[in-house]
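In: sharing a model that was predicted from the sequence below.
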Amino acid sequence: MKILVCISSVPDTTSKINFTADKSAFDKNGIQWVINPLDEFALTKAVKLQESQGATVTVINVGDAGTEPVIRKALAIGANDAVRVNLDPKDSFSTAKEIAAVAQNGGYDLILCGKESIDYNGGSVPGMVAQLLNQPFVNASVGLDVNGAEATAVREIEGGKETISVKLPAVIAGQKGLVDEKDLIIPNMRGIMSARTKPLQVVEPTSSEVKVQGVSYDSVPPRAAVKIVSPDNLDELVRLLHEEAKVI
Amino acid sequence: MAVFVYAENINGVYKKAAFEAVAYAKAVADQAGDTVTAISVNPTDSSDLLYKYGASNVINIKDEGLKSFSAKAYAQAVSEVANGNIIVFPHTTDASSIAPMLAVMNGFALITNALAAPESLSPFQVKRRAFSGKGFMHAKAEGNGVIVTVSQNAFGVKENAVSGSEEVKNLSVANEDTKVISHEQSSGKLDLKEAEVVVSAGRGMKGPENWGMIEELANVLGAATACSKPVSDIGWRPHTEHVGQTGKAISPNLYIAVGISGAIQHLAGVNSSKTIVVINSDAEAPFFKSADYGVVGDAFQIIPALTEKIKAIKG
Ligand SMILES: Cc1cc2nc3c(=O)[nH]c(=O)nc-3n(C[C@H](O)[C@H](O)[C@H](O)COP(=O)(O)OP(=O)(O)OC[C@H]3O[C@@H](n4cnc5c(N)ncnc54)[C@H](O)[C@@H]3O)c2cc1C
């Protein structure tokens, strides 16, 4: 079985998000880059399938050379090899198109993604890849088993869960639950050493078509100073919520 | 510029997010000088509910094959009837699974997580959530068609009654790749993403046995419950309640955070709440910086007392 895991390189979760002075772009100065946390669940799941079913795991990232440390980290976690499409992605569609182009020729049985990247929050790449490849798609997956040419996926729905059997090849977008948080793999020294010699292939993009442009960006306006209410005066809190904020 | 909207239902019953999406579509249609056509798959609810929020036409897709959900088959069905260049979806799990597939099918641009009515229609430009709530992006669509998903609770469920008519479309879309084996819906629980009031608690609650008071406060307020990530990691609460950067992003009218420190990752999922109340024993807890109202003190005393006081005014 061949698995392709889509990895996005995103600002570390503690990053303060700033924009350039003219607000036209995200300011990358001083940012630490990490594997998108939701992709880590997908990657760990793939490595588990590699151990249990002898799958090979390829990670793919659409990004410029600056994303290679994050790709190496994915290799250290256990992927066999990696592909980087040499394009600084501008929107979900262009990213999905490049992933689909690589997947098209790769003969992958399963494509695993995180359901959303925590930078632009598009939540669109996995579904787009599935459609570009004309494959079934399960989103928000919190459980996955593979059995030959079929997978059983559990997806989260509002107020419940649904278990689905899916014909492979398929695209599955996962989140926490796909594997347990405690099972996320932290690379050890051996993994880090071997990642240095694992193949990382760089391919050029197939097109530069973009469907959505980020015209400008805003920071979140600060809230007015907090009003502190004494724990002995909860009537005042109730009054404020009722009369001032009008939320109860 | 015909405006279409996907009115999501669960087991035939329209969701609040569907009404919000219809209201959003109506605002777009008013800007465009056109009308709204709502599309729903096998609804049992009356179309009157959609006219109330501004849909002039309702297309009810009847398809036995779509009794259970498949992103691809639903995208196919919507694509067969949505005959316009603006299509609105709520940003629910199902709708945000269909939208990317439909965008590719139709060759449309897709803008997800819209927070407000569009800034312009041609080109279509809208403010959207980005950086997990730590920033906003003004996104512009290229080309002739756009699909937009509306972040839940961001635009609001605005009534705007019109007279409408209904049309039934019998389809039989191929749905062979996926098969739903089982479907579990926990009944009676308020959907966290739709809730207007959310009571959330963190590690400060010390253990799962102390959640009774959180649930009671939520009950009195008609609120959904949520939690911080460590709480669901340890298994005190189900991970479906975990809010934040790696959990659910929510924007209720009122978010009450009990015993939650307010780490940047937690804030990322809740800072678009309209009003935030923080209850924490540590006056230095970072959450107070992002709150509208704060109480410094012991949650174990404050929550039961607050519950009683709210009960009293709710009468
Ligand atoms: C990659 C990554 C992603 C993350 N994603 C998320 C996310 O999505 N959501 C999320 O929530 N976190 C997330 N986190 C974790 C986040 O950094 C914090 O660790 C977490 O939010 C802290 O949870 P907490 O406030 O419940 O616990 P703590 O930090 O332990 O804080 C508990 C609070 O309770 C208060 N307290 C204690 N006793 C009482 C009492 N009797 N009465 C009142 N107050 C009391 C304390 O003063 C303290 O402020 C993420 C972390 C990483 C690294």
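Out: That came through, no problem. Residues are numbered from 1 along each chain as shown, chains lettered A, B, ... in the order given.
In: what are the boundaries of the helices in the chain?
Out: Unless you meant another one, I'm taking chain A. Along chain A, counting by DSSP state H, helices occupy A:37-53, A:68-77, A:92-106, A:125-132, A:189-195, A:234-239.
In: wait, chain B
Out: For chain B, the helices defined by DSSP H cover B:16-32, B:48-51, B:71-81, B:95-106, B:212-221, B:229-234, B:264-270, B:299-314.
In: ranking those by burial, who's on top?
Out: helix B:95-106 (a mean of 26; mean count of other Cβ atoms under 10 Å in any protein chain shown). Bear in mind the C-beta positions are built from the backbone N, C-alpha and C, glycine included.
In: what's across from the closest residue in space to A:A151 that isn't next to it in sequence in the sheet?
Out: Spatially, and ignoring its direct neighbours in sequence, A:A151 is nearest to A:V166 (4.8 Å; Cβ to Cβ, 6 or more residues apart in numbering or on different chains). Judged by DSSP bridges, the bridge partners of A:V166 are A:A151, B:T178.
In: report how many residues lie close to A:V166.
Out: 24 (other Cβ atoms under 10 Å in any protein chain shown).
In: surely it touches A:A153?
Out: Yes: counting by Cβ atoms under 8 Å, A:V166 does reach A:A153; the two are 5.7 Å apart.
In: what's the overlap in contacts for the two?
Out: Taking Cβ atoms under 8 Å, 6 or more residues apart in numbering or on different chains as the criterion, A:V166 and A:A153 both touch A:138, A:172.
In: now do the strands in chain A.
Out: A:2-6, A:9-11, A:33-35, A:56-62, A:81-85, A:110-114, A:137-147, A:150-157, A:160-167, A:170-174, A:200-203, A:212-219, A:227-229 (DSSP state E).
In: mean pLDDT and distance to the ligand added to the ones you listed, as JSON lines?
Out: Converted to JSON lines, those look like this (pLDDT from 0 to 100; distance: least, Cβ to the nearest ligand atom, whole Å):
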{"stretch": "strand A:2-6", "mean pLDDT": "98", "distance to the ligand": "18"}
{"stretch": "strand A:9-11", "mean pLDDT": "98", "distance to the ligand": "10"}
{"stretch": "strand A:33-35", "mean pLDDT": "98", "distance to the ligand": "8"}
{"stretch": "strand A:56-62", "mean pLDDT": "98", "distance to the ligand": "18"}
{"stretch": "strand A:81-85", "mean pLDDT": "98", "distance to the ligand": "22"}
{"stretch": "strand A:110-114", "mean pLDDT": "98", "distance to the ligand": "12"}
{"stretch": "strand A:137-147", "mean pLDDT": "97", "distance to the ligand": "15"}
{"stretch": "strand A:150-157", "mean pLDDT": "96", "distance to the ligand": "15"}
{"stretch": "strand A:160-167", "mean pLDDT": "96", "distance to the ligand": "20"}
{"stretch": "strand A:170-174", "mean pLDDT": "98", "distance to the ligand": "15"}
{"stretch": "strand A:200-203", "mean pLDDT": "98", "distance to the ligand": "24"}
{"stretch": "strand A:212-219", "mean pLDDT": "97", "distance to the ligand": "20"}
{"stretch": "strand A:227-229", "mean pLDDT": "98", "distance to the ligand": "14"}
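In: for B:S56, which of these is the nearest?
Out: strand A:212-219 (28.5 Å; Cβ to Cβ).
In: tabulate the CA atom coordinates of the closest one in PDB.
Out: Extracted C-alpha coordinates of strand A:212-219, given in PDB (Å, rounded to 0.1, in the frame of the first residue of the first chain):
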ATOM      1  CA  VAL A 212      -8.500  33.400  -4.600                       C
ATOM      2  CA  GLN A 213      -6.200  36.200  -3.700                       C
ATOM      3  CA  GLY A 214      -5.500  37.700  -0.200                       C
ATOM      4  CA  VAL A 215      -6.000  41.400  -0.900                       C
ATOM      5  CA  SER A 216      -5.300  42.600   2.600                       C
ATOM      6  CA  TYR A 217      -5.100  41.500   6.200                       C
ATOM      7  CA  ASP A 218      -6.100  42.900   9.600                       C
ATOM      8  CA  SER A 219      -5.100  42.100  13.100                       C
END
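In: quick one: it to helix A:92-106, angle?
Out: Per axes from the mean of the first three to the mean of the last three Cα atoms, to 10 degrees, the angle that strand A:212-219 makes with helix A:92-106 is 130 degrees.
In: is strand A:212-219 positioned near chain B?
Out: Yes: applying Cβ under 8 Å from any Cβ of the partner chain, one finds strand A:212-219 in contact with chain B at A:212-219.
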